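Asks: Sequence isn't available, so here's the structure alone:
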């Protein structure tokens, strides 16, 4: 049997888990980071606040600091979440620098590719207080310094809009970040990612390895599990997300292969899997792009409120100008 036929036999089934009309596809829907109802003018990217490892805090305090800073940013209308970050998230790195008898909190904003976008300093804290920091102090620091971080983000956004207005206006092909594949045996991580890029290009997208300017991201996860009869179950998941971290859908491919079949070169298997996956990714993106805007729900009446007035009777039909002449 030709290898290409074997590939199609092994990886033909494709299950699409799509974000359909029952899912709210508006920006920040589903309240990623709990921010959705409060965001008046959200920036182009969501901010991830990872747990700091160089802020002079214990593990519990460091995790609390990240969560409190994300909460404080949300209060300033910045979409933020205390997570390590999704493929297109910007990150806010938290640190602290001793300066004599004081400690100065430092906030470094990085894009999704890890490049520094700028740094802001918080207000100094007595070194003794920082060394014995509890969540009450860290909450005060986060609330006090969040406006400085918001100011930094605003400066970065203004600079980007001034330097690349066409990209922010959505002109040109849709850019999709290929966030890589992990977990595949053999050369599957590299082969699958490369082939997916080839097929997305054929479908009219502009795949890229960096996050700069990308509207969507695709990340692959492979799980290979040994099962009875000397076989191996291969599960490929292609996770499609957008800039604010919201997951739009997944393309899942599942099958069993003879154990060890994919421990080396994936070859035509990667070609066939990526070809099918690209079609699924396109369907997920089409569903997101073409989703109708949600109609605002009518405000709920409280108990005891007077009933709404009856609808006005239809107006009498007026003769047109042509008929009146």
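Replies: That came through, no problem. All values derive from a computational prediction rather than experimental measurement.

Asks: Flag the shaky bits of the stretch 151-300 of the chain, pLDDT-wise.
Replies: When residues are selected by pLDDT under 70, those of the stretch 151-300 of the chain lie in 158-172, 292-300.

Asks: Strands of that one, start to end?
Replies: Assigned by DSSP state E, counting those that start in this stretch, the stretch 151-300 of the chain shows strands spanning 175-182, 206-208, 216-227, 231-242, 247-258.

Asks: tell me the angle of the third one relative to strand 247-258?
Replies: Angle of strand 216-227 versus strand 247-258, following axes from the mean of the first three to the mean of the last three Cα atoms, to 10 degrees, is 30 degrees.

Asks: what's strand 216-227 packed up against?
Replies: strand 175-182, helix 188-202, strand 231-242, helix 268-289 (3 or more Cβ pairs under 8 Å, 6 or more residues apart in numbering; DSSP states H and E). Backbone N, C-alpha and C define where each C-beta goes, glycine included.

Asks: Which of these sits closest to residue 114?
Replies: Nearest to residue 114 among these is strand 175-182; the distance by Cβ to Cβ comes to 13.0 Å.

Asks: on that earlier part again, let me have the helices and strands packed on strand 216-227 in a markdown table, extended by mean neighbour count and distance to residue 215.
Replies: Below are these laid out as a markdown table (neighbours: other Cβ atoms under 10 Å; distance: least, Cβ to Cβ, whole Å):
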| stretch | mean neighbour count | distance to residue 215 |
| --- | --- | --- |
| strand 175-182 | 20 | 6 |
| helix 188-202 | 19 | 13 |
| strand 231-242 | 20 | 7 |
| helix 268-289 | 21 | 9 |
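
Asks: Take the ones you listed and lay them out in TSV including distance to residue 120.
Replies: Listed next are the helices and strands packed on strand 216-227 as TSV, based on distance: least, Cβ to Cβ, whole Å:
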stretch	distance to residue 120
strand 175-182	26
helix 188-202	35
strand 231-242	27
helix 268-289	33
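
Asks: nearest to residue 135, of the ones you listed?
Replies: strand 231-242 (31.0 Å).

Asks: can you pull the contacts of the spatially closest residue to residue 203 that is not a sequence neighbour?
Replies: In space, and not counting its chain neighbours, residue 203 is closest to residue 282: 5.3 Å by Cβ to Cβ, 6 or more residues apart in numbering. Applying Cβ atoms under 8 Å, 6 or more residues apart in numbering to residue 282 gives the contacts 200, 203, 205.

Asks: okay, these in JSON lines with distance to residue 157 next?
Replies: Below are the contacts of residue 282 laid out as JSON lines (distance: Cβ to Cβ, whole Å):
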{"residue": "200", "distance to residue 157": "28"}
{"residue": "203", "distance to residue 157": "30"}
{"residue": "205", "distance to residue 157": "25"}
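
Asks: from the residues you listed, which is closest to residue 186?
Replies: Nearest to residue 186 out of these is residue 200 (Cβ to Cβ; 22.4 Å).

Asks: is it true that that closest one touches residue 208?
Replies: No - with contacts counted by Cβ atoms under 8 Å, residue 200 stays clear of residue 208, the gap being 10.1 Å.

Asks: Next, show the common contact partners of these two.
Replies: Residues touching both residue 200 and residue 208 (Cβ under 8 Å, 6+ apart): 176, 178.

Asks: Quick one: end-to-end distance for stretch 209-220.
Replies: Stretch 209-220 stretches 13 Å from its first residue to its last (Cα to Cα, to the nearest Å).
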